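Chemist: Got a sequence here, can you build the structure:
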Amino acid sequence: MCLSIPMRVIEWVDEEGMLAWVERGEGDSLRREQVNMMLIGAQPVGTWILASLGLAKETVDDENRALIEDALSALDSSLDGNYDASQYFADLK
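Modeler: Okay, here's the model as predicted:
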């Protein structure tokens, strides 16, 4: 199973808008990669997209991105052995 991760478009690789550099995080956790934008088309720099395996799958608004980031944080906490259900998924309570 593949997870799509929110990433922000930061610059275009080509003039046709088919390849873009995207990133997420900062400092030591900064992740930057090139993604194919063919499925969703050219998007403005600053747009958040969901990317998986080098492919942009859809754009994501701030509200949905916050829910996804919350779920990813819960997953990180569970993998670290520090999961506390009361700290995550406020939208489901």
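Chemist: so the nearest residue to residue 13 once chain neighbours are set aside bridges to which residues?
Modeler: Spatially, and ignoring its direct neighbours in sequence, residue 13 is nearest to residue 19 (3.8 Å; CB to CB, 6 or more residues apart in numbering). (Each C-beta comes from the backbone N, C-alpha and C, glycine too.) Note on residue 19: beta-bridge partners by DSSP bridges are residue 36.
Chemist: which ones are touching residue 65?
Modeler: Residue 65 is in contact with 6, 48, counting by CB atoms under 8 Å, 6 or more residues apart in numbering.
Chemist: which outside residues touch stretch 77-88?
Modeler: Here stretch 77-88 makes contact (CB under 8 Å, 6+ apart) with 70-71, 73-74.
Chemist: ah, wrong one, I meant stretch 22-32
Modeler: 5-10, 21, 33-35, 49, 51, 56.
Chemist: related to what we said a few turns ago, please verify my assumption that the residue nearest to residue 13 contacts residue 34.
Modeler: Yes - contact criterion CB atoms under 8 Å: residue 19 and residue 34 qualify, at 5.9 Å.
Chemist: what touches both of those two?
Modeler: Joint contacts of residue 19 and residue 34 (CB under 8 Å, 6+ apart) are residue 13.
Chemist: What count of nearby residues applies to the residue nearest to residue 13?
Modeler: Close neighbours of residue 19, defined as other CB atoms under 10 Å, add up to 15.
Chemist: try residue 47
Modeler: Residue 47: 19 surrounding residues under other CB under 10 Å.
Chemist: Next, it: phi, psi?
Modeler: phi -70, psi 140 (degrees, to the nearest 10).
Chemist: do the same with residue 49
Modeler: With angles defined as degrees, to the nearest 10, residue 49 sits at phi -130, psi 160.
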